[in-house]
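>>> Starting from these lines, generate the structure:
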Amino acid sequence: MRIDVLTLFPNMFTEVMGTSIIGRAQARDLVEINLWNIRDFALDKHRVVDDTPYGGGAGMVMKPDVLAACIEHVKSETSGRVIYLAPQGSVFNQALAERLAKEANLIFLCGHYEGIDQRIRDHWIDEEISIGDYVLTGGELPAMVVIDAVVRLIPGVLGDDNSAQEESFADGLLEYPHYTRPADFGGLKVPNVLLSGNHELIRRWRLKEALRITMQRRPDLIEKRQLTEEEKTMLQELAAETVGKGGNNCGRD
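So this is what the prediction gives:
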């Protein structure tokens, strides 16, 4: 996959994109990430990229001529979809990450100030994405979030492709708990089932714990899910456990 990022602050991406999973993915040629400084496409000697909004109002708006020049230059090298990070966009989730991970090329435009000229949004942008109902200074941090979520889904990036499938939201549920050595940490013990070596019992325990955590923290995901008969039975068991304990069940064995 090729990813191009259009930003006023390319240095913000250098460390993040060059370390950990994304850095290793680039080193293995599984993804190519190119950073473009929008200011390099300004048309005047002062490299001005913004101006006051027509009609008045606070803040500055990024200029359409500069943005169009930058986008057109990048699109002369790649045919990727142009994605603008904005609060008005579709809310980013795992399903959207999975869809984007199937693309060969992606172009991310990071806005700043009060945003970008609407004419760019109308004629140069293919999709708008938001990472939540809050306001950030610019689109750089949202772009990093989306890129991280997408890159880890590219086949081969995680080494074990099952890792991506077992994480929270990958199958519509929050992830089950994880444990590692030592088995007894100051009297806090790993659930016996995980030490049993019985793969079917471990699978059932993990599914039940995923259902338990999702029901406690994100019941809306349970409501949207097409439950299997096994999952329905487990939810009934969890409800009975909760009633039996007179509140939230904290058992993990």
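
>>> number of nearby residues for the closest residue to residue 52 other than its chain neighbours?
Residue nearest to residue 52 in three dimensions, not counting chain neighbours: residue 60, with 6.4 Å by CB to CB, 6 or more residues apart in numbering. All C-beta atoms are positioned from the backbone trio N, CA, C, and that covers glycine. Residues within reach of residue 60, counting by other CB atoms under 10 Å, total 16.

>>> hang on, isn't residue 60 packed against residue 115?
No: in this structure, residue 60 is not within contact of residue 115 by CB atoms under 8 Å, at 9.4 Å.

>>> pLDDT below threshold where in the chain?
Residue ranges of the chain with pLDDT under 70: 161-170, 246-253.

>>> what about the strands in it?
Taking DSSP state E to define them, one finds strands in the chain at 2-7, 32-37, 50-51, 61-62, 81-91, 105-110, 127-130, 184-185, 188-189.

>>> Comparing those, which comes out most buried?
strand 105-110 (a mean of 24; mean count of other CB atoms under 10 Å).

>>> Give me the contacts around stretch 121-140.
7-9, 12-13, 67-68, 71, 81-92, 96, 108-112, 141-142, 145-146 (CB atoms under 8 Å, 6 or more residues apart in numbering).

>>> What separation do you get for residue 231 and residue 220?
As judged by CB to CB, to the nearest Å, residue 231 and residue 220 stand 16 Å apart.

>>> returning to that earlier point: I'd like the strands of the chain written out as a markdown table, with distance to residue 17 added.
A markdown table is the format used below for these (distance: least, CB to CB, whole Å):
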| stretch | distance to residue 17 |
| --- | --- |
| strand 2-7 | 8 |
| strand 32-37 | 5 |
| strand 50-51 | 25 |
| strand 61-62 | 22 |
| strand 81-91 | 15 |
| strand 105-110 | 12 |
| strand 127-130 | 18 |
| strand 184-185 | 35 |
| strand 188-189 | 37 |
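
>>> Could you point out which of those sits nearest residue 22?
Ranking those by proximity to residue 22 (CB to CB) places strand 32-37 first, at 7.4 Å.

>>> Show me which helix runs longest in the protein.
Identified as the longest helix of the chain according to DSSP state H is helix 199-217.

>>> starting at the chain centroid, how far to that helix?
Chain-centre distance of helix 199-217: 23 Å, with CA atoms, centre = their mean, to the nearest Å.

>>> contacting residues around that helix?
Outside helix 199-217, the residues that touch it by CB under 8 Å, 6+ apart are 173-177, 191, 193-194, 196, 221-222, 230-231, 234-235, 237-238, 248-249, 252.

>>> Just the buried subset of these, please.
Buried residues within the contacts of helix 199-217, counting neighbours by 16 or more other CB atoms under 10 Å: 173-176, 191, 194, 221, 231, 234-235, 238, 249.

>>> Pick out whichever of the residues you listed sits closest to residue 160.
Nearest to residue 160 among these: residue 175, at 15.1 Å, using CB to CB.

>>> Quick check: phi and psi on the closest one?
Per-residue torsions, residue 175: phi -80, psi 150 (degrees, to the nearest 10).

>>> Likewise for residue 197?
Dihedral angles (degrees, to the nearest 10) for residue 197: phi 80, psi 0.

>>> Use 31 as the first number from now on
OK, 31 is where the count begins now, so the last one is residue 227.

>>> Leaving out sequence neighbours, find the closest residue to residue 53.
Distances taken as CB to CB, 6+ apart put residue 47 closest to residue 53, at 7.1 Å, once the chain neighbours are dropped.

>>> Just confirm the one you found contacts residue 56, I think it does.
Yes: assessed by CB under 8 Å, residue 47 is found in contact with residue 56 at 7.4 Å.
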